[in-house]
Each structure stands twice: as structure tokens, then as C-alpha cells.
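> curious how this folds, go ahead:
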Amino acid sequence: MRVFAIDPGNELSAWVLYDGHTILAHAKEGNDGLLSDLRHLPHIYRETWPDVVVIEQIESFGMAVGREVFETVFWSGRFAQASAVRFERLPRRAVKLHLCHSMRAKDANIRQALLDRFGGAAAKGTKYARGPLYGIRADEWSALALAVTWYDTHATLHATTLDKAV
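Alright, predicted model coming up:
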């Protein structure tokens, strides 16, 4: 099962294509470009066509928000509508609880949990000895956390459903 996870933003969004073991592709790009990519996923990723698009769900914590948050919500909806495959939303809260077992986890804690999962500090690698997380930066960490969380909590359920259908 392949997961195309998106950390939406008001102008730029990060995404990761993940198969449960390997990061197949990742980038941070303009929302218009990502929107076009989502419409054409089957043609862009022929061999690694994702089974699901997972978009981070924006949550309210009772505080005032600005224009950027509303723009991000708008783009999240556009990404969901444009998806050529099934989409789901997953809140950040679920990512924190799954990877760090705490709602108080910060981005640094989530990044460290991902590093630990993929092999520690060596997982980043270098230009000449690339690790499994080589090149992941900025908001791509959030997209990867989203992909890993969704895969861990849904892939076995999906496999069990397929087994019953056969």
C-alpha cells in the first residue's frame, strides 16, 4: 500500500510518497503545481501509484487564527477534491499520539521519533552515503509523519479487509 501524504500550506505544501518501508518521493511545491499533480497521479507515478492521499486535517484549538489558516483550509479542500485516488484526512493530534505518545510533542520530538524509526542519526545520510531520510527537510518531515502514522494505523486494517474479500 502506498500513501501520498500532504502537509498543506497557504502557498506551498509538502508531500511524501511512502510505501510502508521506503520514501519513494518527496517535495515541497507551490499549491497550484501540487493540485495539477493530484489530478494526474496515475500518469505521474505509474509504477508507484498511491492507493490513498492523506491530508493533514486542520483543527481548532479555540484561538483566533489569521488569513493563512483559512487559505490552508481552502487548499486542503481543493487537494481532496482533485485527488485521482481515495483521500482521507488525519489530524496532527493523531500523529503526535502515534509517534510520541503525547499531545505535548513538538516538531522536534516528531522528527526525532522518525529518525529513531528509520535508523537514528545515520538515517539522514550524506551526499555520498544517502540514508533513507536523505533530503527530507522543513515541512516534508510533517508530511512523512502523516504518512507513517496513516500507514501504521490503516495498512494492517486494509490488508485484513483484502484477506477477508479473497
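> only C-alpha atoms for contact and neighbour calcs from this point on.
Fine.
> lowest-pLDDT helix or strand in the chain?
helix 41-44 (a mean of 72; mean pLDDT, DSSP states H and E).
> so how far is that one off the chain centroid?
Centroid separation between helix 41-44 and its chain, computed with Cα atoms, centre = their mean, to the nearest Å, is 18 Å.
> that one: what's the following helix or strand?
Following helix 41-44 in sequence order, the next helix or strand is strand 52-57 (DSSP states H and E).
> now for that following strand, which elements pack on it?
strand 3-7, helix 67-82, strand 86-91, helix 140-165 (3 or more Cα pairs under 8 Å, 6 or more residues apart in numbering; DSSP states H and E).
> to residue 109, which of those lies closest?
Among those, helix 140-165 comes nearest to residue 109, with 11.0 Å by Cα to Cα.
> low-confidence regions, the chain specifically.
Confidence mapping of the chain against pLDDT under 70 gives the ranges 45, 156-166.
> residue contacts, the closest residue in space to residue 118 that isn't next to it in sequence?
Leaving aside its chain neighbours, residue 118 sits nearest to residue 132 (6.9 Å; criterion: Cα to Cα, 6 or more residues apart in numbering). By Cα atoms under 8 Å, 6 or more residues apart in numbering, the contact list for residue 132 reads 22-23, 118, 123-125.
> what of residue 17?
Residues near residue 17 by Cα under 8 Å, 6+ apart: 2-5, 23-26, 50, 147.
> what's the answer for residue 80, then?
53, 55, 87-88.
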